[in-house]
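S.K.: generate coordinates for the sequence data below:
(2 chains)
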Amino acid sequence: MNTFRIGGVHPHDNKQYSAHQPITECPLPEKAIIPLVQHIGAPSQPVVEKGQKVKVGELLAKAGGFVGANIHSPYSGTITKIDTTIDAWGMKMPAIFMDVEGDEWLPEIDRTPDVIRECRLEPKEIIDKVTAAGIVGLGGACFPTQVKLMPPPGKKAEVLIVNGVECEPYLTCDHQLMLEHGEELMIGIQILMRALGIEHAIIGIEKNKPDAIARMKELAQKSLGVEVKPLKLKYPQGGEKQLIDACIGRQVPSGALPIEVGAVVDNVATIYAVYEAVQKNKPLISRVMTVTGASVARPGNYSVRFGTPLTQVVDLAGGVPEDTGKIIGGGPMMGRAMNNIDMPTNKRVSGLLFLRESESRRVEPENCIRCAKCVTACPMGLEPYLLSKQAQMQMWDEMEQHDVMDCIDCGCCLFTCPSHRPLLDYIRMGKATVGGIIRARQAAQKK
Amino acid sequence: MKNLIVSPAPHAHSGDTVRKNMLLVILALLPAYVVSVVEFGWGALITAAISVAACMLFEWLITRFMLKEPVHLDDCSAILTGLLLAFNLPSNLPWWIVIIGALAAMTLGKMAFGGLGQNLFNPALVGRVFLLISFPVQMTTWPRPLGFAGSYVDAETGATPLYYLKHMVKTGDNSVLGELPDLTQSLLGAMGGSLGEVCALALIIGGLFLICTRVITWHIPVSILVTAALFAVCTGLCGALPEGMSTGQYVLYTLLTGGMMLGAFFMATDYVTSPMTAWGKICFGVGIGLIVMVIRTWGAYPEGMSFAILIMNACVPLLNRIRPRRFGEKKK
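M.R.: All right, here's what the predicted structure looks like:
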């Protein structure tokens, strides 16, 4: 059984709380806040104005550049204002505010539950539809999907790698999606293969999801060129570079993108959104997210339209548990702790994790005992103990020479350190500073 | 809702602690210690107890009164140093010499550098070598393995197998072949030697336990043992062995007697004083293997493990410049 070759750790799965909970739709809110930045890239530019009435699926904001994404209305109603608000991490967030009235959809969107199998579009037409629908990577990074479908000149895609790994503990939304919408997912895979002009796709699924592996294998038998690869359980297998290494044994070089080794990687939720966009004309207006935690009353996988206040989804799951110490947007390894849940759902948040107070606190760090467990654990082959010390000593040049920019923020080093040292915190600080130095240097060279 | 904690990711931890690792090593040493008590009786009990207690006392005194920092005796590193120091001493060593050894180990070996994680040399070995140089007679007379039948104060002493091996290889005289323990005795420890180094089998079991629980990696022990074995094979092939001893026997004696197993699995693998990367560890192990065999074959002492490890400890900062293989790096 395959896995990536360097590093990795084995956190507790903790998927039992929300695993196999059927996808439940969240009711519509009364007021919605749709952020204008739900992707990597420039903020989207609003094309609606205050007082305008919109229908579900209507374009609200255009992409702000090549690396950007359209944003569509998940509701029908009236725009009340276009303003900035504060998100759950204290950052300013430009957004479109609207009052929800009814649930009127644009007529071209196919709302039937029928599975549409045929797709005879040309690759360019598929890419145009994906671009128009505002699809971004729903695995957490939110990279605009159409950019991946248009390799730069000189680079050729050879294989599509489907990320069904879901390596973060607690999260189960991708798993449930594979079980409930496997057929649509398979069609989405074939659509993407057509758009890229390739004949080979690999679906990577970790072995803690045997039913998903079985289901996708069953469907893959009827799909030419699609194979399912069961993978050994190891974090961070869902990381793009690690997944490519695990599936096709190629390692993306430092600073390069997956297309460098002929791979295009997409999350299963993203591919499902592609299916809906291309076959049903439905733009990206909703996603499945997991609400979970040991004390959550009704943990599960909830389908939410963007812009719904998170409090509403949490109520569906039984409300905030009494003993909550930390609320995390995402999973426990890379998710970010939130200071409130007034924020709306959006393309970025794949899950809400409620940790109990007893599970929330960091332990007092001790001296580094030079056990080298961080070096063994780092999936990028870096030396976290050294980078962390260099960041403390502000040795930025040395950090750059020791490849700090390769760090993928996975948290394996901090996870495994017996002295509980804040390795990744220092490394992140170092990365930010070194990144700034590199950008300044490149800007100066261009002049 | 009460105030939320907003610390940065990751929000999960493996649960590993410094203490867990120390306790696992202590656990791995227990089989060898049990054999040691059976072989050496009161000496084994008293020496280990004094060493551990003294190490803990000195760490506490220095941290509390000289460094004026919070004391972390509960991380069990002082206990482990005390135990490892005892393992490297003859079990009938006078109690006051043991205490001096513990003082040297804790001060020169550890606290002078700033405490846990900061030292360059293995503290237990610093203590042992300090005693070897200061009290050469007491440190080179080992009690016969007579168990509780022997006396702690008036132990009957004898030469160790390594003493005879060195004599045979140097002079070609095979008359002392009969003094060597047979291989079973070597494996099980029925021979003279330091407190914890005699029972190769118990040490191998402990070492494998540590590798399986991922406390240590295979790189250092395997590199040391393979290098030493290869050196022994070369010694045999050069015809330096006396009549009656085959190369195979010599290789086995090399590995099973003296401080080889204790050093390979427990002393050289000390976290603080060993390299951080895989290739660094392999170079470290090869260096130790070479130096220990050079000392054993041509040096003044019959045993060279402590010196070999300490010399390679000094090279560790240099070895740490060897980088691990980066993700995506092309093999040159």
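S.K.: find the nearest non-adjacent residue to the residue of chain B found nearest chain A, please.
M.R.: At 3.2 Å from chain A, residue B:10 is the closest residue in chain B, using CB to the nearest CB. All C-beta atoms are positioned from the backbone trio N, CA, C, and that covers glycine. Nearest non-adjacent residue to residue B:10, counting by CB to CB, 6 or more residues apart in numbering or on different chains: residue A:411, 3.2 Å away.
S.K.: repeat for residue A:291
M.R.: Residue A:291 sits nearest to residue A:317 (CB to CB, 6+ apart), 4.1 Å away.
S.K.: if I look at the one you found, how far off is chain B?
M.R.: Distance from residue A:317 to chain B, counting by CB to the nearest CB, to the nearest Å: 15 Å.
S.K.: show me the strands in the stretch 301-447 of chain A, by range?
M.R.: A:324-329, A:336-338, A:351-356 (DSSP state E, counting those that start in this stretch).
S.K.: go on, chain B?
M.R.: B:142-143, B:157-158 (DSSP state E).
S.K.: partners of the last one in the sheet?
M.R.: So that's strand B:157-158. Sheet pairing of strand B:157-158 (DSSP bridges) gives strand B:142-143 (antiparallel).
S.K.: other residues contacting the strand it pairs with?
M.R.: For strand B:142-143, the surrounding residues in contact (CB atoms under 8 Å, 6 or more residues apart in numbering or on different chains) are B:40, B:43, B:90-92, B:150, B:155-160, B:192-194.
S.K.: just read off the phi/psi values of residue A:281.
M.R.: phi 60, psi 30 (degrees, to the nearest 10).
S.K.: count of neighbours near it?
M.R.: 17 (other CB atoms under 10 Å in any protein chain shown).
S.K.: quick one, what contacts residue 207?
M.R.: With no chain named, the answer covers chain A. Contacts of residue A:207 by CB under 8 Å, 6+ apart are A:1, A:213, A:230, A:231, A:232, A:233.
S.K.: actually, chain B is the one I wanted.
M.R.: Contacts of residue B:207 (CB under 8 Å, 6+ apart): B:28, B:216, B:221, B:261, B:264, B:265, B:266.
S.K.: now check the longest helix along chain B, is it near chain A?
M.R.: When chain B is scanned for its longest helix (criterion: DSSP state H), the result is helix B:18-40. Yes - applying CB under 8 Å from any CB of the partner chain, one finds helix B:18-40 touching chain A at B:18, B:20, B:21.
S.K.: end-to-end on stretch B:80-98?
M.R.: Using CA to CA, to the nearest Å, the end-to-end distance of stretch B:80-98 comes to 15 Å.
S.K.: now that stretch: average pLDDT?
M.R.: Stretch B:80-98 shows a mean pLDDT of 93.
S.K.: that stretch near chain A at all?
M.R.: No - applying CB under 8 Å from any CB, one finds stretch B:80-98 separated from chain A by no less than 11.4 Å.
S.K.: how far out from the middle of the chain is that stretch?
M.R.: Put simply, stretch B:80-98 sits 12 Å off its chain's centre (CA atoms, centre = their mean, to the nearest Å).
S.K.: give me the buried positions along it.
M.R.: B:80-93, B:97-98 (16 or more other CB atoms under 10 Å in any protein chain shown).
S.K.: tell me the two of those residues that are most distant?
M.R.: B:80 and B:92 (22.9 Å; CB to CB).
S.K.: Provide a list of residues in contact with residue A:143.
M.R.: Residue A:143 neighbours (CB under 8 Å, 6+ apart): A:39, A:40, A:136, A:137.
S.K.: which of the residues you listed has the most neighbours?
M.R.: residue A:39 (29 neighbours).
S.K.: secondary structure class for that one?
M.R.: With DSSP: H, G, I helix; E, B strand; the rest coil as the basis, the three-state label of residue A:39 is coil.
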